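J.: One predicted model, sequence on top.
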Amino acid sequence: MAIIMFLTEKVNAKGHPLITATHTSTLEITRERELTPRGNCILAVDADKSVYSLNPYLKYLLRKNRLVIIQFKTNDKTYDYLIARGHINLKLKDLNSIVIRKSSYINKRTLCIKSSKSAIDINRKIVNELKKNHKIIINIVVLGKE
């Protein structure tokens, strides 16, 4: 009998007036505090973690091609979620970013691939709250069997 397990990691971040979240294939959370209008994949800034600083066991599970569920929740309890996949080739080395991709492209910033959503697909109520500098909690849940 297989044991179904999961590991959760919480990332705290906040919004910025220049957030548009209109990118059609990626979504990014960054530790940077400022944002330019070109950053249309960015959902939140001033994050307290990057892919590099995530729990080592969570990174191990991500590299086992596990199912990933990511929940986004703002101050007024508006939420959304997406489903994605880990991959054996994930590098998870970037010190500033967490990037979620609809594609299978992997670089040092990539958290997961084959996502069900990108920035443009996130609940617009969340995006509007983040434009007003609201805080956001990102819960990363990695599922699997051991």
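T.: Right, received. Where do you want to start? Keep in mind that this is a model prediction, so the values were computed, not measured.
J.: where does this structure dip in pLDDT?
T.: Within the chain, the segments meeting pLDDT under 70 span 1-4, 146.
J.: can you give me the strands in it?
T.: Assigned by DSSP state E, the chain shows strands spanning 4-14, 26-30, 42-44, 67-74, 79-85, 97-101, 110-112, 135-145.
J.: Take the ones you listed and write them to a markdown table, including mean neighbour count.
T.: (Glycine included, C-beta is placed from N, CA and C.) What follows is the strands of the chain, written out as a markdown table (neighbours: other Cβ atoms under 10 Å):
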| stretch | mean neighbour count |
| --- | --- |
| strand 4-14 | 15 |
| strand 26-30 | 25 |
| strand 42-44 | 28 |
| strand 67-74 | 20 |
| strand 79-85 | 17 |
| strand 97-101 | 25 |
| strand 110-112 | 27 |
| strand 135-145 | 18 |
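J.: Kindly reformat the ones you listed as CSV and extend each row with distance to residue 120.
T.: Output for these, formatted as CSV (distance: least, Cβ to Cβ, whole Å):
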stretch, distance to residue 120
strand 4-14, 18
strand 26-30, 9
strand 42-44, 10
strand 67-74, 14
strand 79-85, 12
strand 97-101, 12
strand 110-112, 17
strand 135-145, 17
